[in-house]
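Colleague: show me how the following folds:
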Amino acid sequence: MFQDRYILASALQKSIRRGLSGYALQYAAILGQEDYNYLIYRLGIILTEDIGVSNTTLLNEYLNLKGNVMQPRMGG
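Modeller: Numbers count the residues shown, from 1 in each chain. Below you'll find the model as predicted:
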């Protein structure tokens, strides 16, 4: 198992920024296995930081995905 999800998430974001889709998919798959909710969360950050409002269709798809797959956290 990958021990540091923050390094993995950083590698995912850098791969996306550099257009390295193969690496990005590999990092996303590993991160999704480790912590699926964190992957969805980080994809939202990447979407807002790197894509922004220039693609509102993608933003809407992300919001729909997030609403459908995020599992509520227990406790508070």
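
Colleague: centroid-nearest residue for this structure?
Modeller: L43 (2.5 Å; Cα atoms, centre = their mean).

Colleague: which helix or which strand is home to Q13?
Modeller: Secondary structure from DSSP states H and E places Q13 in helix 5-17.

Colleague: helix or strand next in line after that helix, which one?
Modeller: helix 21-34.

Colleague: buried ones in that following helix?
Modeller: Residues 24, 27-28, 30-31, 34 are the ones in helix 21-34 that count as buried (16 or more other Cβ atoms under 10 Å). Placement of C-beta: from N, CA and C, glycine included.

Colleague: and for stretch 46-66?
Modeller: By neighbour count with 16+ other Cβ under 10 Å, stretch 46-66 contains the buried residues 46-47, 59, 62.

Colleague: among the buried residues of helix 21-34, find the lowest-pLDDT one for me.
Modeller: Among the buried residues of helix 21-34, E34 carries the weakest pLDDT, at 91.

Colleague: ok, that residue touching L8?
Modeller: Yes. E34 lies in contact with L8 (Cβ atoms under 8 Å); the separation is 7.3 Å.

Colleague: one step back: the buried residues of helix 21-34 into CSV, with extra columns for distance to K66?
Modeller: Listed next are the buried residues of helix 21-34 as CSV, based on distance: Cβ to Cβ, whole Å:
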residue, distance to K66
A24, 19
Y27, 19
A28, 15
I30, 20
L31, 15
E34, 18
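
Colleague: helices and strands around the helix or strand where L58 lies, which ones?
Modeller: Using DSSP H and E, L58 maps to helix 56-69. Applying 3 or more Cβ pairs under 8 Å, 6 or more residues apart in numbering; DSSP states H and E, we find helix 56-69 packed against helix 36-46.

Colleague: setting aside sequence neighbours, what's the nearest residue to the residue nearest to the centre of the chain?
Modeller: Y62 (6.6 Å; Cβ to Cβ, 6 or more residues apart in numbering).
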